[in-house]
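Asks: Generate a structure from the sequence data that follows.
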Amino acid sequence: MNTPRLTRSSALALALAFIAFAVGFRLLRATALPDLPNFSPVMAIALCGALVLPGSLALLVPLTALIGSDILLNLHYGVALLSPGDLLRDACYGLGVAAGLGLRRMNAGAPAIFGTVIANTLLFYVVTNTASWLANPAYAQTAAGWLQALTVGVPGFPPTWTFFRNSLVSDLLFTGAFLVAMRLSTREPRTVVAHA
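Replies: Predicted coordinates for the structure are as follows:
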């Protein structure tokens, strides 16, 4: 399966609609589905947007969507609009965009795309939970404390491994749906030949 290239305005509109839906779901999930922590396809948005959007849109749309939705979520949760943790997340988003651009240059197929989504989701999880370990005094600043930040988290909250699981599932589902939709939208229409 080759990476789809968007050339038609309808395919571009579909890609933008998918990203807008994912961002909208991310914002809605925070208020309406709190039992699904981190069920947000952030790395898939970064990677898939860069994979198919043309020109500067490949960089601007995913990063603007993710950073903008982070700011809105920070407002919702009543935390600082920008923090060092946000900068680390933004750097991970940038790596996801760079990975998508690299996959596009390689004309990568589905196995490489899904493998890269998994790797980026894992990297995002390790980086953000390591930042939490360093910043949160509830974690001992030891190897055991770091392992706690990557697995069970802080008592009274869901285990952090569930955040990884939910992120991974949402990233893979979004990527699969996105790739199928892009493939279908860029498929050449068949010519119907009338038989006499």
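Asks: and L47, how many residues sit next to it?
Replies: Taking other CB atoms under 10 Å as the criterion, the count of residues near L47 is 32. C-beta: built from backbone N, CA, C; applies to glycine.
Asks: and the closest residue to it other than its chain neighbours, how many neighbours?
Replies: Residue nearest to L47 in three dimensions, not counting chain neighbours: G100, with 4.1 Å by CB to CB, 6 or more residues apart in numbering. Other residues lying near G100 total 30 when counted by other CB under 10 Å.
Asks: for R26, helix, strand, or coil?
Replies: helix (DSSP: H, G, I helix; E, B strand; the rest coil).
Asks: any idea how far S185 is from it?
Replies: With distances defined as CB to CB, to the nearest Å, the gap from R26 to S185 amounts to 23 Å.
Asks: neighbour count winner among the two?
Replies: Each of R26 and S185 had its neighbours counted (other CB under 10 Å), and the higher figure belongs to R26 (22 against 17).
Asks: Please tell me how far the more buried one sits from V97.
Replies: R26 sits 17 Å away from V97, taking CB to CB as the criterion.
Asks: outside of stretch 165-181, which residues touch it?
Replies: The contact list for stretch 165-181, computed with CB atoms under 8 Å, 6 or more residues apart in numbering, reads 1, 4, 14-15, 18, 22, 36-45, 47-48, 110, 113-114, 117-118, 120-122, 124-125.
Asks: do that again at 6 Å, thanks
Replies: By CB atoms under 6 Å, 6 or more residues apart in numbering, the surrounding residues in contact with stretch 165-181 are 14, 18, 22, 36, 38-41, 43-44, 48, 117, 121.
Asks: before we move on, what about stretch 76-89?
Replies: Contacts of stretch 76-89 from elsewhere in the structure, counted by CB under 6 Å, 6+ apart, are A30, I71, N74, V127, A131.
Asks: from those, which ones fall inside strands?
Replies: Assignment to strands by DSSP state E places none of these there.
Asks: Type out the ChimeraX command that picks the buried ones from those.
Replies: One line in ChimeraX is enough to select the buried members of these, burial here meaning 16 or more other CB atoms under 10 Å:
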select :30,127,131
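Asks: wait, doesn't the residue nearest to L47 sit right on I45?
Replies: No. Contact criterion CB atoms under 6 Å: G100 and I45 do not qualify, at 9.8 Å.
Asks: residues in contact with V97?
Replies: Residues in contact with V97, defined by CB under 6 Å, 6+ apart, are A46, A50, L59, P62.
Asks: Let's see which of those end up in strands.
Replies: Among the contacts of V97, no member lies in strands (by DSSP E).
Asks: which stretches of the chain have low pLDDT?
Replies: 1-8, 186-196 (pLDDT under 70).
Asks: quick one: the helices in the chain?
Replies: 9-32, 42-52, 57-77, 84-106, 110-135, 143-150, 160-186 (DSSP state H).
Asks: and the shortest one, what does it pack onto?
Replies: Under the contact criterion of 3 or more CB pairs under 6 Å, 6 or more residues apart in numbering; DSSP states H and E, helix 143-150 touches helix 110-135.
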